[in-house]
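1. Give me coordinates for this.
(one chain, ligands or ions: 1)
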Amino acid sequence: MTRRRLLGTAGASGLVLGAAGGAVGYAARPAEATPLTSLGAGEVMFHGKHQPGILQRLQARGHLVAFDLKPGVGRREAAALLRRWSETARRLMAGEGARQDDTAVARDAGPSSLTITFGFGHGFFARTGLEKQRPVSLDPLPDFSSDRLDKARSDGDLWVQIGADDALVAFHALRAIQRDAGLAASVRWQMNGFNRSPGATASPMTARNLMGQMDGTRNPKPSEADFNERIFVPDSGAKDPAWMANGSYAVVRRIRMLLDDWERLGLKEQEDVVGRRKSDGAPLSGGSEKTAMDLDKTDAAGNLVVPINAHARITRPDQNGGAAMLRRPFSFHDGIDGDGVPDAGLLFICWQADPLRAFVPVQRKLDRGDALSEYVRHEASGLFAVPGGAARGEYVGQALLE
Ligand code: HEM
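-> So this is what the prediction gives:
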């Protein structure tokens, strides 16, 4: 069996690091099975400096699931749960079966670039007697005037993000994680999402969202000098507890797109809302997708070609005191609502070293009304502390829980 280890940046294609020569195999996969396709063989390492599911390219399928600890569950049981979850994640990401009683749902498939990521919500710390270890960055996000949040689908003591390029592999991981929760934690909410499948386009390109826009163009890149300090908590920072070293904060928002209204707009109106061309993501000031946006350019009548309230103008770091975040979303579609409109949009997930310096100031501005706000509605929200990756033989969150 051929297996490839993949590491890529969000929105870009995976970069092949090397072959892992069939050292591990899906437990129930017959020896005579035909070689996996490159899609199924994609493997992301569980152990590392950062948890998986942050720097890798977007996967085709995703599940977000939040858990609350059950009554009477404390630090010891929580530590045992994180140990179980980490072992399951390590096994499944390597293409092995679950810890016990594997359901065979992912049988015949490779890991398909599966990633499983774990985070802690605000409530976790009081429940486990660890309040002193709660990062100040987990303080609840401010209320935004346009929020229409469903509390039952927001927050949670624990958060798990699952991504894979195959729907059955992703579901298999979701069930294994839910079963591992056992008597320790129960599901608070779950959301399911998707992105374009790898190979669907002739060459890898920035993903499109359900409004049809290229979304992710201006994401910070690991090659940039300030990438790490913007996205990850430093080894020894004054603000964060030591257990968050190399971790990151995830802001999760279920953002409904008001697609009936959006689709009634003409192309020019849609492009003015964002400030970029729909066809190729180029700024309205000209050039191609990667060309720098000229914020001052005017047309013959003296009007700004990138409108003053365009989403891509308002959200720029240079318009927000340097605020930058890594956006790594999934789209969602949960059918048609009671009032006959699509229940579809973006599971917006952004990663940053400090939410108060990244998501919050940008969302404050959007809340005052950029051109896009009229066509979206924030329906659920979560903020999670995602510790650094587990070293070999360790589990995620060990520095907090032991
Ligand atoms: C840029 C769409 C919500 C922050 C963009 C772009 C699009 C887009 C098409 C331009 C291409 C790019 O650089 O990626 C959307 C949609 C949203 C949404 C459809 C809701 C459904 C948000 C939210 C935030 C945000 C809630 C943060 C509070 C940003 C940032 C940029 C951006 C930081 C890049 C700005 C730059 O560096 O030039 N978004 N966005 N977006 N968006 Fe959004």
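
2. Near the ligand, which residues of the stretch 201-350 of the chain are found?
-> With Cβ under 6 Å from any ligand atom as the criterion, the stretch 201-350 of the chain meets the ligand at residues 209, 211, 213-218, 253, 255, 257, 274, 276, 311-312, 315-317, 325, 345-346, 348. C-beta: built from backbone N, CA, C; applies to glycine.

3. helix or strand for residue 190, which one?
-> Residue 190 is part of strand 185-194 when elements are defined by DSSP states H and E.

4. quick one: average pLDDT of that strand?
-> Strand 185-194 shows a mean pLDDT of 98.

5. Next: stretch 348-364.
-> On average, stretch 348-364 scores 98.

6. Name the residues of that stretch that come out as buried.
-> Using 16 or more other Cβ atoms under 10 Å as the test for burial, stretch 348-364 gives 348-360, 362-363.

7. Alpha carbons only: can I get that stretch in PDB?
-> Output in PDB follows, covering the C-alpha atoms of stretch 348-364 (Å, rounded to 0.1, in the frame of the first residue of the first chain):
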ATOM      1  CA  PHE A 348     -16.500  30.200   9.800                       C
ATOM      2  CA  ILE A 349     -13.500  29.000  11.800                       C
ATOM      3  CA  CYS A 350     -10.600  31.400  12.300                       C
ATOM      4  CA  TRP A 351      -7.300  30.800  14.200                       C
ATOM      5  CA  GLN A 352      -5.300  33.400  16.000                       C
ATOM      6  CA  ALA A 353      -2.900  33.900  18.900                       C
ATOM      7  CA  ASP A 354      -5.200  36.400  20.500                       C
ATOM      8  CA  PRO A 355      -8.900  36.700  19.700                       C
ATOM      9  CA  LEU A 356      -9.100  40.200  21.200                       C
ATOM     10  CA  ARG A 357      -6.600  41.500  18.700                       C
ATOM     11  CA  ALA A 358      -7.900  39.500  15.700                       C
ATOM     12  CA  PHE A 359     -11.500  38.300  15.400                       C
ATOM     13  CA  VAL A 360     -13.000  40.800  17.900                       C
ATOM     14  CA  PRO A 361     -11.900  44.100  16.300                       C
ATOM     15  CA  VAL A 362     -12.800  42.900  12.800                       C
ATOM     16  CA  GLN A 363     -16.200  41.600  13.800                       C
ATOM     17  CA  ARG A 364     -16.900  44.900  15.600                       C
END
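
8. ok so, going back, outside of the strand holding residue 190 itself, list whatever touches it.
-> Contact with strand 185-194 is made by 60-70, 73, 81, 152-158, 174, 178, 181, 254, 329-334, 347, 380, as judged by Cβ atoms under 8 Å, 6 or more residues apart in numbering.

9. Show me how far it is from its chain's centre.
-> Put simply, strand 185-194 sits 14 Å off its chain's centre (Cα atoms, centre = their mean, to the nearest Å).

10. Just the CA coordinates for it, please, in CSV.
-> Extracted in CSV, the C-alpha atoms of strand 185-194 (Å, rounded to 0.1, in the frame of the first residue of the first chain):
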residue,chain,number,x,y,z
ALA,A,185,-19.2,14.0,28.3
SER,A,186,-22.3,14.4,26.2
VAL,A,187,-22.8,16.1,22.8
ARG,A,188,-23.9,19.7,23.2
TRP,A,189,-24.1,20.5,19.4
GLN,A,190,-22.9,19.1,16.2
MET,A,191,-22.4,20.8,12.8
ASN,A,192,-21.5,19.2,9.5
GLY,A,193,-19.7,20.9,6.6
PHE,A,194,-18.0,20.4,3.3
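
11. does any bit of that strand sit next to the ligand?
-> No: Strand 185-194 does not reach the ligand (Cβ under 6 Å from any ligand atom); its nearest approach is 12.4 Å.

12. Ok, stretch 355-365 next?
-> Yes: against the ligand, stretch 355-365 shows contacts by Cβ under 6 Å from any ligand atom at 359, 362-363.

13. coming back round to it: which of the contacts of strand 185-194 are buried?
-> Buried among the contacts of strand 185-194 (16+ other Cβ under 10 Å): 60-69, 73, 81, 153-158, 174, 178, 181, 254, 329-332, 347, 380.

14. Work out for me the element residue 381 sits within.
-> For residue 381, the host element (DSSP H and E) is strand 376-386.
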